[in-house]
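need coordinates for the below:
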Amino acid sequence: MIGDISKGTTPVSHYQPSKEVADFTTADRKDLQTGQDIMSRNWVELNNRSIIEDQDRGKRTFNAFVDESIEDPATAWQWRGTRSKARNQAIALHAQLTSGYIVPMYMAQNDDDEEDMDFSEMMRDTVEWMINNSQYKSSFLQAAMGMLVNPVTYMGAEFAQVFQTIKEKQDDGRYIMSEVIDEVLSGFQAPVYNATDIIISNAYEQNIQKHRKIFKKRFIEYSEAEAKYGRHENWHYVKPGTNAVFSDSDGAFYDIYDQDHPSMVEEIISLSRRNDSEVAYVGGIYTGSMESVDWNPVRHRDNKNAPKYNVVPFGYQRVNEHFYFYKSLMNTQYWDNQLLDAQYQIGMNRAFLDANMPVAISGADQVDSDVIFPSAVVSFEDPNTKVVPLLPQANLGGIFSAMAKTEESMNESGVSQTTSGQLPQASQKATSVSIANKNAEVMLQGVGKTLAESVVQYGDLMKDIAINHLVVPQVDEILGENARLKYKTLTLNNKVVNGREVSKVIRFDESLLGREMTEKQKKRQSMDLLQESGYPNLKKHIYRVNPELFSRFKYLTRVDPEKMFPENEEYKQAIMSQIYGQMADNPFISLEELTRKTLYATFRSETEELMKKEEEQVAPAAPVEAGQTQFGQQAQNTATATATPMVG
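Now for the predicted structure:
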């Protein structure tokens, strides 16, 4: 969309769209240029560096970049390495932030703002299924590292249905071509974008949903672009390594060759939430609606059909109350890291000199490397010959003490040595170590809150995808002129329900649509599901969910920063043992369930093997409270605690 055109040398493109498309493209091109100006402008919030420069400097710092070019041979002996302290801080902090994958919590509310715990759990389990069946976990690791290195990093939440052509061999030996769903490119996708891949419109608005327009920009393989856009009638204009650029002077498009990406194409997606517009340009070619440029609705929508930007910014620390971009960990550590490397260079170079001291020789005798070696004995003919060191013996204690102070300063803005897994020095007092750990914990919680804020926004996007794409009927097969529709069934393995490790099965059931059941019918179907679960040796927990009611609720997303980091297993085991000893005789406590939870803290999936096997009986079902319409009856006996609520 943007490039330099040289009249007479740049070839005219075969792509010459209608005036309506050309005008629409020109407007997007101007907005894109404004956004790129934001990226290249120097900002006082970043010490008069641009977003591009700050990102590049952060990458060099994290990668422990060392300039190994030596112009002066006389200085070639000097040490030019790096302590990599900032990189080590980033790795340690990244390990803390990603010690567990964050799954958002949800609170389901009806139109009267009344909370429904069952639907809240269903949404959380649905989102967890999306996480387990996508690249979310690897993307989360990348985004968490990106927020430590870059002024901003983004995670996208997308749902795609992409087809691929395959060859099938027939009985007669011939091959036919058919199209199937590309499982890699289809479904829930969680791409990661760096600071320059997302172009914004306002550098002083922190809420990305309030931006007038944003652009998503990246280079993709030509084959991937063909899989996504090959059905569009403009696709035949797309060529790898070429961008179609509009000229304001003559109103024509020109083809500009991209030498940096000769085998790829540039994908730019323009999104305007306020105008409900989303258009993709592939190699500068418009791939939106050919009927009208005004009919290009934003693809990502919530359950109220309102459009949203489907990218979320992640960052380390806010600079001030308005600036959109963040201050990365590499930014906060940069000068201390530079100082530490300079101090280490001075100390090491002087240590080299002390170990291999240059000398001054006076007198007629020649003294060179032929006679300078361990245990050498040399006699001089000239009594005035002297060998004197050029430098006095250095006291390196001062420089290494200064290095310790610099490392201490870096620990204050990052992770302490003990938190990152290193033993404290013997000279350090326990009080000092405790204070350092406490400061690191406070710092970690602050970063965790910033991360939690982004995960909440991302959880909102995943919730929208779940409602609009997972809780809708899919075409199962074509029967004549009619299509058979089928709802999804989601299975989550190794879930703990009432102290048992079972598989959770969420079944969106079309038979519940518009249906009301009597209490007797609910009880009968609950028992049927209980038998299907494998009673008495329950291995799964089945939910039947009304997809219409599930989609109708309003879901509020939340993340508890204090629960983002995993608990200490040894501590939890000790606490459960104490609770068991205190509560075992309590008449209001189920001893079997308390035993199961205590064992689970230590033995996990082997808990059921340790439990005593007895004949389990199903207790009479408790009456349903008046007005309960979401979930049906659940077996009340603890032996059937993994029985199956229904949504009706």
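
quick one: Lys327 from Glu510, how far?
According to CB to CB, to the nearest Å, Lys327 stands 51 Å off from Glu510. Bear in mind the C-beta positions are built from the backbone N, C-alpha and C, glycine included.

for the two, indicate the residue with more neighbours.
Remark: of Lys327 and Glu510, Lys327 carries more neighbours, 19 against 14, as counted by other CB atoms under 10 Å.

which residue is the nearest non-sequential neighbour of that one?
Excluding the flanking residues, the one nearest Lys327 by CB to CB, 6 or more residues apart in numbering is Gln317, at 4.6 Å.

what does Asp116 give?
Nearest residue to Asp116 in three dimensions, chain neighbours excluded: Ala108, at 4.5 Å (CB to CB, 6+ apart).

for that neighbour, which residues make a bridge with it?
Judged by DSSP bridges, the bridge partners of Ala108 are Asp116, Tyr555.

that one: neighbouring residues, count only.
Counted with other CB under 10 Å, residues neighbouring Ala108 total 23.

quick thing: my sequence starts at 37, can you match it?
OK, 37 is where the count begins now, so the last one is Ala144.

could you pull out the strands for the stretch 37-186 of the chain?
In the stretch 37-186 of the chain, the strands defined using DSSP state E, counting those that start in this stretch lie at 141-145, 151-152.

nearest to Val508, of these?
strand 141-145 (18.2 Å; CB to CB).

just the C-alpha atoms of that closest one, please, in PDB.
Listed next in PDB are the C-alpha coordinates belonging to strand 141-145 (Å, rounded to 0.1, in the frame of the first residue of the first chain):
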ATOM      1  CA  MET A 141     -12.500 -16.800  35.300                       C
ATOM      2  CA  TYR A 142     -16.000 -15.900  34.200                       C
ATOM      3  CA  MET A 143     -19.100 -14.700  36.000                       C
ATOM      4  CA  ALA A 144     -22.300 -15.400  34.100                       C
ATOM      5  CA  GLN A 145     -25.200 -12.900  34.600                       C
END
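
which other residues reach it?
Strand 141-145 is contacted from outside by 151-156, 158-160, 163, 495, 499, 589-596, using CB atoms under 8 Å, 6 or more residues apart in numbering.

chain center to that strand: distance?
For strand 141-145, the gap between its own C-alpha mean and the chain's C-alpha mean amounts to 22 Å (CA atoms, centre = their mean, to the nearest Å).

tell me, how many residues neighbour Phe416?
Neighbours of Phe416 (other CB under 10 Å): 14.

where does it land in three-state SS?
With DSSP: H, G, I helix; E, B strand; the rest coil as the basis, Phe416 sits in coil.

likewise for the one 4 residues further on?
The three-state assignment at Asn420 reads coil, by three-state DSSP.

tell me how far the residue nearest to it when sequence neighbours are not counted lies from Glu417.
Once flanking residues are discounted, Asn420 sits nearest to Gly399: 4.7 Å by CB to CB, 6+ apart. In this view, Gly399 and Glu417 are 9 Å apart by CB to CB.

where's Ala400, which helix or strand?
Here Ala400 is covered by no helix or strand, with elements defined by DSSP states H and E.

wait, it touches Glu417, no?
Yes - the criterion here is CB atoms under 8 Å, and Ala400 meets it with Glu417 at 7.3 Å.

would you list the phi and psi of Leu548?
phi -90, psi -10 (degrees, to the nearest 10).

next, count neighbours for it.
As a burial measure, Leu548 scores 22 neighbours (other CB under 10 Å).

what do you get for Phe350?
Residues near Phe350, counting by other CB under 10 Å, number 26.

check contacts around it.
Applying CB under 8 Å, 6+ apart, we find Phe350 in contact with 179-180, 182-183, 188-191, 487, 490.

closest one to Ser569 out of those, please.
Nearest to Ser569 among the contacts of Phe350 is Met191, at 36.3 Å by CB to CB.

please report how far the residue nearest to that closest one when sequence neighbours are not counted lies from Gly351.
Distance criterion CB to CB, 6+ apart; nearest residue to Met191, sequence neighbours excluded, is Ala179 at 4.8 Å. Distance from Ala179 to Gly351, counting by CB to CB: 10 Å.

overlap of the contact sets of those two?
Here Ala179 and Gly351 have Thr189 as joint contacts, going by CB under 8 Å, 6+ apart.

I'd assumed Val507 was in contact with Asn339.
No - at 9.3 Å, Asn339 does not count as touching Val507 under the criterion of CB under 8 Å.

show me which of the two is the more surrounded one.
Taking neighbours as other CB under 10 Å, Asn339 and Val507 compare with Val507 leading, 22 against 17.

now do the nearest residue to that one once chain neighbours are set aside against Asn238, distance only.
Spatial nearest neighbour of Val507, excluding adjacent residues (CB to CB, 6+ apart): Pro583 at 4.7 Å. Distance of Pro583 to Asn238, computed by CB to CB: 39 Å.

what about the two, which has more around it?
Pro583 (21 against 18).

could you give the number of residues near Leu432?
When neighbours are defined as other CB under 10 Å, Leu432 has 14 of them.

so who does the residue most central in space within the chain touch?
What sits nearest the mean C-alpha location of the chain, by CA atoms, centre = their mean, is Phe176, with 2.2 Å. Neighbouring residues of Phe176 by CB under 8 Å, 6+ apart: 134, 137-138, 191, 226.

in ChimeraX, select just the buried ones from the residues you listed.
ChimeraX command restricting these to the buried ones, with burial defined by 16 or more other CB atoms under 10 Å:
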select :134,138,191,226
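
put together TSV for the contacts of Phe176, with pLDDT and distance to Pro428 on each row.
Shown next, in TSV, are the contacts of Phe176 (pLDDT from 0 to 100; distance: CB to CB, whole Å):
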residue	pLDDT	distance to Pro428
Thr134	87	50
Tyr137	79	58
Ile138	82	58
Met191	96	58
Ala226	94	61
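
counting only helices, which of the contacts of Phe176 make the cut?
Nothing among the contacts of Phe176 maps onto helices, per DSSP state H.

nearest to Ile212, of the contacts of Phe176?
For those, the closest approach to Ile212 (CB to CB) belongs to Ala226, at 34.8 Å.

give me the nearest residue to that closest one, chain neighbours excluded.
Nearest non-adjacent residue to Ala226, counting by CB to CB, 6+ apart: Ser175, 4.0 Å away.

what count of nearby residues applies to the one you found?
Ser175: 18 surrounding residues under other CB under 10 Å.

let me know the pLDDT of Asp154.
Per-residue pLDDT puts Asp154 at 86.

what about it, distance to Phe589?
From Asp154 over to Phe589 the distance is 10 Å, taken as CB to CB.

can you verify my assumption that Val414 contacts Gln402?
No - the criterion here is CB under 8 Å, and Val414 misses it with Gln402 at 10.5 Å.

tell me how far the closest residue to Gln114 other than its chain neighbours lies from Lys575.
Excluding the flanking residues, the one nearest Gln114 by CB to CB, 6+ apart is Asn385, at 5.3 Å. Using CB to CB, we find Asn385 at a distance of 67 Å from Lys575.

now do Lys422
Counting by CB to CB, the separation of Lys422 from Lys575 is 90 Å.
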